[in-house]
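Q: fold the following.
(2 chains)
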Protein chains: 2
Amino acid sequence: MRTAIATVSLSGTLEEKLGAAAAAGFDAVEIFEADLIGSTLSPAEVRDLAGGLGLAVAMYQPFRDFEGVGPDVLETNLRRARHKFQVMQELGTDLLLVCSNVAPGTSDDAKLAASQLSRLADEAQAHGIRIAYEALAWGTHVSDYLAAWRIVEMADHPALGTCLDSFHILSRGSDPSRIREIPADRIFFLQLADAPLMAMDILQWSRHYRCFPGQGGFDLPAFMEHVHAAGYTGPLSLEVFNDHFRQADPYRIAVDGHRSLLALQEAAEISGLPARVGVAGYAFVELAVDAGSGEQASAVLEAMGFEHIGPHRSKPVHQWRQGAARVLLNHGDEHAGSDPLVVALGLESDDPAAAAARAQSLGASVLPRRRGAGEADLSAVAAPDDTAVFFCRTTAGEDGWLGDFIELGDGSASDPGITAIDHVVLSQPFDYFDEAALFYRSVLGLEPRDSQDLVGPDGILLSRALTDTARRVRLAITVPRLAGGEHGRLGELQHVAFASDDAIGTARRMRERGVPLLGIPENYYDDLSARTDLPGERVVEMRELGVLHDADDAGELLHFFTEMVGGRLFFEVVQRIGSYDGYGAANSPVRLSAQLRPAVEPHLS
Amino acid sequence: MRTAIATVSLSGTLEEKLGAAAAAGFDAVEIFEADLIGSTLSPAEVRDLAGGLGLAVAMYQPFRDFEGVGPDVLETNLRRARHKFQVMQELGTDLLLVCSNVAPGTSDDAKLAASQLSRLADEAQAHGIRIAYEALAWGTHVSDYLAAWRIVEMADHPALGTCLDSFHILSRGSDPSRIREIPADRIFFLQLADAPLMAMDILQWSRHYRCFPGQGGFDLPAFMEHVHAAGYTGPLSLEVFNDHFRQADPYRIAVDGHRSLLALQEAAEISGLPARVGVAGYAFVELAVDAGSGEQASAVLEAMGFEHIGPHRSKPVHQWRQGAARVLLNHGDEHAGSDPLVVALGLESDDPAAAAARAQSLGASVLPRRRGAGEADLSAVAAPDDTAVFFCRTTAGEDGWLGDFIELGDGSASDPGITAIDHVVLSQPFDYFDEAALFYRSVLGLEPRDSQDLVGPDGILLSRALTDTARRVRLAITVPRLAGGEHGRLGELQHVAFASDDAIGTARRMRERGVPLLGIPENYYDDLSARTDLPGERVVEMRELGVLHDADDAGELLHFFTEMVGGRLFFEVVQRIGSYDGYGAANSPVRLSAQLRPAVEPHLS
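A: Next up, the predicted model:
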């Protein structure tokens, strides 16, 4: 179906908004009145600019507080509408959004509203214009989409239809299935927005927290199925008021929005994308390092029991391995600096080329590869934060990537017990949080959980975990809940968590090998003893080693952390007992406090 | 009364929190359990550190989900409590906060809760400890303070009292006057927090949006009067969960919090401060400039019709004047740079020394003055954003500041019609918004209005106006609603608005004198014609000159803006017609759009 976006969803000047919408692949825009009023472009210039960019002007909006008024106000409102009809003719659009009246003195007489809207439609029709009447969730009397539709039905005017808006419908808890009762030719327009589920004033919720489909808590695929079943064939248009989007790069946000509509159509089975290709685990995590940070990272990996397998055949990249956990140190990456940084994730894929093609169809940038003779052709795309996501097969065969590395190690190094990569946590640039979640959801098929607050000593981090249904790829993204603090160093941390079947044994062996483990305060263990039934001798061991404990309904977690490796990265080791499915969030205040201490003595050295 | 603060209200390590609380003048702290658990200090070390800083440990908190449980859970909970009693003895505090149970399976039997709390109190008493039972607003069965009190009354145990928390009481809309019914010796503790009035989930509201008394929408003076009338004599303790405070400098936030308690006690007539000294208008606005920006600012002021009165007798400061509007250009200020910046406000005061003394008693820093022979002794304090606030008298006499300047001009320059300073708008550093509002409210006696969103093309600004009752000093503070955007240049703008009795005439004369006025799009005037009854010829004039229009219930506003003077400052001219009491916020999207355009051609040149 055609895609559109309301200019209010994007930041910048009207020229930038239109440019961003076109670049992202939208077919049309809704022109938000304030964007036109604030622009130096005349309506005709906007029409020409949009046309030149290949964008239709699908609608002009909003026209407020028209219906259910006394005769004098009606005349004033009609005069106001005639001005707008003229603007719309210059703008080259034939559809005006009229929102249900929110003024306190509005009449609740549906017949009066219908007759006044009919009069408006008469005048509109004379200008070649149609009216799309929409129920605002906070309309004085018309707040439900069926109430708006009944007024439209009553007016029975060919130039009057209704506009459906998923936010206004779902935020009130209305049943969207009755959309199917509305004749397709009377649904003049469809606006789509998602939102996180929040118990708050609907107007504030709407003005600040809307997000793109798939980023919030509404069931938009089900909503879309109803609209599709009703026979609507107009554009799917994003109307999203979001504080973050309003201050972010409009070109980036437009790509995010367009991706959301493609994913929504796939989820609602309206139109397809290249088939999903599941991810089957982490093949590797790649860190960018310079000479100094490379030495530091190598030393820590070696102490943790990783074996240096050897260098890449043609690139300054080294493979380290323990169990199925592979870490690549890239000494030639453009992001390399004095802090080791995660710059790429390698994901096991049955069909790397198809996975990359799907990602590209969702607006992800495919990364160019320099491929040497006889090397694997790895497909990679860029995540929103520029992390490279490789789709690959961990075999030494022709279609695998292992053959790209010279194998010096013999795999017989001592083994503190790391078996695999359990999860990776990547801090995101501020304003990238929802986009990143949608990217990993739509491109990799990972399902996001609800966001959680991690309370640190210098601010709150929002954290959201995503995982495939088989729990083979676990990823979490974090972002400061607010940016701009005087503190806030912890907002930029990344970490890689390795799995072990025996966290305490692994911690003990790592300590013996000189790994600097994060010191956990004694007070933590005093509290742990008070609030759990853990055997005393177990707590003694954990206390000695800095191992933390968490539990959920399905199991328990034992985990510990290394000290920082450089300024932004650290490692974790986790042991999942039973079917524990979390990430130890309850312990993050203690972990973050320990990490903030500027010059903490390692607990164990 | 004694003042206290919960460590959770401040950011940083526990050491920093204690240091900040002591430096701000608090008498005591509540130790928040997570702060202790995350600390490397043992409870005894915390006691010693607090003691060394002169801080009592007033309470340990919170102890959760104790009462209304089955017998097995009760035993587990008692065991947990015994651990905490031991911690508290080391910590040197005798008061434990027990919050009403929030677990779903909790019994609603008040007698059971009373008997279990009584058992807890028995054990506590044996350790020399008392229990303060508090109703959380979201407690499963006990969510109202009177319900908690009735349980305490029923238990009738000397070691069991209640803790009152203004947020939990006022957020639910409970009537606080019945606090007077609780015997003073059974109110073991008082926690104070304000909050902006929001219709949202109470738990989220509580966790993220609490603020210090006087910064939100609750009537805390009335609340305090009830507590005082009940005879409570314990500490007033701030327990404020606030996302901004959690990421800001704890030393600054602690000063803000302590100020809020002093102002609250004054408002509730519990204890006094040095008497308020009213401010009677703007004496001057001072801009810091360097050589280049000084030349630019002088040229704009001259074109606007300001007369160069002359230099200061001993400092590199020049006075410019038009009507009663005085602007000082300071060529020697430490903040001077290539962008002219507002660095000081001069406010008319009947008793400058008393005004400064009051400010100092509220924790404001008094600024040192270098005073030459025969010069006025100006009293000044620093606002949170470091703007200097001078209290002064605009006379040439011995107690006035005019005599400090050499008078070269004769006051006969041509006059485009500026009569006075109408208002000043100062952007604040992120996280300073609430503190700034409380500062200007408590120190200057300005009453804040509700915050407003100003929607700009690169993000939303929060704006809050403050004014004295006579409307002689109008000030507005702004801050980005979110920081950290990829855009966001508009979040740092300052402006000075001058009054005129004839904005259109003033605009015309300024244009003739070559003042670069901000260009307003044609579309604005097309819309203005559509939505107002302004005479056509009036709109033609406004369109020609870039004058904007707003109206409120009491009158109308005509106003216009200069182009930017440097990167952060611009001027405005406003004409208030009737009793218009606003600031033209409805026009800010148009103004901000015009200001964002990078290289706009002045509309009129």
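
Q: quick one: name the residues of the stretch 451-600 of chain A near chain B.
A: Within the stretch 451-600 of chain A, the positions adjacent to chain B are A:453, A:455, A:457-460, A:480-488, A:519, A:521-524, A:526-527, A:529-531, A:589-590, A:592-594, A:596-597, A:600 by C-beta under 8 Å from any C-beta of the partner chain. C-betas here are computed from N, CA, C, even on glycine.

Q: what about those residues, which are in helices?
A: Helix and strand membership here follows DSSP state H; of those, those in helices are A:522-524, A:526-527, A:529-531, A:589-590, A:592-594, A:596.

Q: who in the stretch 201-350 of chain A is up against chain B?
A: Taking C-beta under 8 Å from any C-beta as the criterion, the neighbours of chain B within the stretch 201-350 of chain A are A:201, A:204, A:207-208, A:243-244, A:246-249, A:252.

Q: turn the ones in helices among the residues of the stretch 451-600 of chain A next to chain B into TSV, including pLDDT and neighbour count.
A: Output for those, formatted as TSV (pLDDT from 0 to 100; neighbours: other C-beta atoms under 10 Å in any protein chain shown):
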residue	pLDDT	neighbour count
A:Glu522	97	16
A:Asn523	97	23
A:Tyr524	98	24
A:Asp526	96	21
A:Asp527	97	20
A:Ser529	95	17
A:Ala530	94	15
A:Arg531	94	15
A:Pro589	96	18
A:Val590	97	21
A:Leu592	95	20
A:Ser593	95	27
A:Ala594	95	22
A:Leu596	85	19
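
Q: of those residues, closest to A:Ala382?
A: Looking at those and their distance to A:Ala382, the nearest is A:Leu592, at 28.9 Å (C-beta to C-beta).

Q: not counting its neighbours along the chain, what's nearest A:Ser9?
A: Of all residues beyond its chain neighbours, the one nearest A:Ser9 is A:Val240 (4.4 Å), with distances taken as C-beta to C-beta, 6 or more residues apart in numbering or on different chains.

Q: sec struct for that neighbour, please.
A: Three-state secondary structure (criterion: DSSP: H, G, I helix; E, B strand; the rest coil) places A:Val240 in coil.

Q: can you count the residues close to it?
A: A:Val240 has 29 neighbours, counted by other C-beta atoms under 10 Å in any protein chain shown.

Q: what do you get for A:Gly337?
A: Applying other C-beta under 10 Å, we find 16 other residues in the vicinity of A:Gly337.

Q: and the residue in the stretch 251-400 of chain A that chain B sits nearest to, what's its pLDDT?
A: Relative to chain B, the nearest point of the stretch 251-400 of chain A is A:Arg252 (7.9 Å; C-beta to the nearest C-beta). At A:Arg252, the model reports a pLDDT of 96.

Q: quick one: it is in a strand?
A: No: for A:Arg252, which was evaluated using three-state DSSP, the result is helix, with no strand membership.

Q: quick check: the residue nearest to A:Asp109 when sequence neighbours are not counted vs B:Asp450, distance?
A: Spatially, and ignoring its direct neighbours in sequence, A:Asp109 is nearest to A:Gly68 (6.9 Å; C-beta to C-beta, 6+ apart). The gap separating A:Gly68 from B:Asp450 is 28 Å, by C-beta to C-beta, to the nearest Å.

Q: so those two - more neighbours on which side?
A: The residue with more neighbours, out of A:Gly68 and B:Asp450, is A:Gly68; 26 against 9, by other C-beta under 10 Å.

Q: A:Arg464: how many residues sit nearby?
A: Every residue meeting other C-beta under 10 Å relative to A:Arg464 is counted, giving 20.

Q: export only the CA atoms of the helix or strand that contains it, formatted as PDB.
A: Following DSSP states H and E, the helix or strand that holds A:Arg464 is strand A:459-467. Coordinates of each C-alpha in strand A:459-467 appear next as PDB, following Å, rounded to 0.1, in the frame of the first residue of the first chain:
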ATOM      1  CA  GLY A 459      21.200   8.700  36.400                       C
ATOM      2  CA  ILE A 460      18.700   6.200  35.200                       C
ATOM      3  CA  LEU A 461      19.300   4.000  32.100                       C
ATOM      4  CA  LEU A 462      16.500   2.600  30.100                       C
ATOM      5  CA  SER A 463      17.300  -1.000  29.000                       C
ATOM      6  CA  ARG A 464      15.400  -3.100  26.600                       C
ATOM      7  CA  ALA A 465      16.200  -6.800  25.900                       C
ATOM      8  CA  LEU A 466      15.400  -8.400  22.600                       C
ATOM      9  CA  THR A 467      15.700 -12.100  21.800                       C
END
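
Q: tilt between that strand and helix A:588-596?
A: For strand A:459-467 and helix A:588-596, the angle between their directions (axes from the mean of the first three to the mean of the last three C-alpha atoms, to 10 degrees) works out to 120 degrees.

Q: now the helix ranked longest in chain A: buried residues?
A: Secondary structure of chain A read by DSSP H shows that its longest helix is helix A:71-91. By neighbour count, with 16 or more other C-beta atoms under 10 Å in any protein chain shown as the criterion, the buried positions of helix A:71-91 are A:73-74, A:77, A:80-81, A:84-85, A:87-89, A:91.

Q: what is the most widely separated pair among those?
A: Greatest spatial distance in the buried residues of helix A:71-91: A:Val73 and A:Leu91, 25.8 Å, computed using C-beta to C-beta.

Q: quick one: contacts for the closest residue to A:Ser414 other than its chain neighbours?
A: The spatially closest residue to A:Ser414, leaving aside those adjacent along the chain, is A:Gly305, at 6.2 Å (C-beta to C-beta, 6+ apart). Shown in contact with A:Gly305 (C-beta atoms under 8 Å, 6 or more residues apart in numbering or on different chains): A:322, A:413-418, A:509-510, A:513.

Q: and the helix or strand encompassing A:Gly310, what does it pack onto?
A: Here A:Gly310 sits within strand A:307-311, counting by DSSP H and E. Counting contacts by 3 or more C-beta pairs under 8 Å, 6 or more residues apart in numbering or on different chains; DSSP states H and E, the secondary-structure elements packed against strand A:307-311 are helix A:291-303, strand A:317-322.

Q: which residues are contacting that strand?
A: For strand A:307-311, the surrounding residues in contact (C-beta under 8 Å, 6+ apart) are A:298, A:301-302, A:317-322, A:405-409, A:411, A:413.

Q: from those residues, keep the buried residues only.
A: In the contacts of strand A:307-311, the ones that pass as buried (16+ other C-beta under 10 Å) are A:298, A:301-302, A:317-322, A:405.

Q: which residues in the stretch 301-450 of chain A form helices?
A: A:352-361, A:433-444 (DSSP state H, counting those that start in this stretch).

Q: typo on my end, it should be the stretch 51-200 of chain A
A: Going by DSSP H, counting those that start in this stretch, the stretch 51-200 of chain A shows helices at A:71-91, A:110-126, A:145-155, A:166-170.

Q: any idea which of these gets closest to chain B?
A: Each of the helices of the stretch 51-200 of chain A was scored for nearness to chain B using C-beta to the nearest C-beta, and the closest is helix A:71-91 (3.4 Å).
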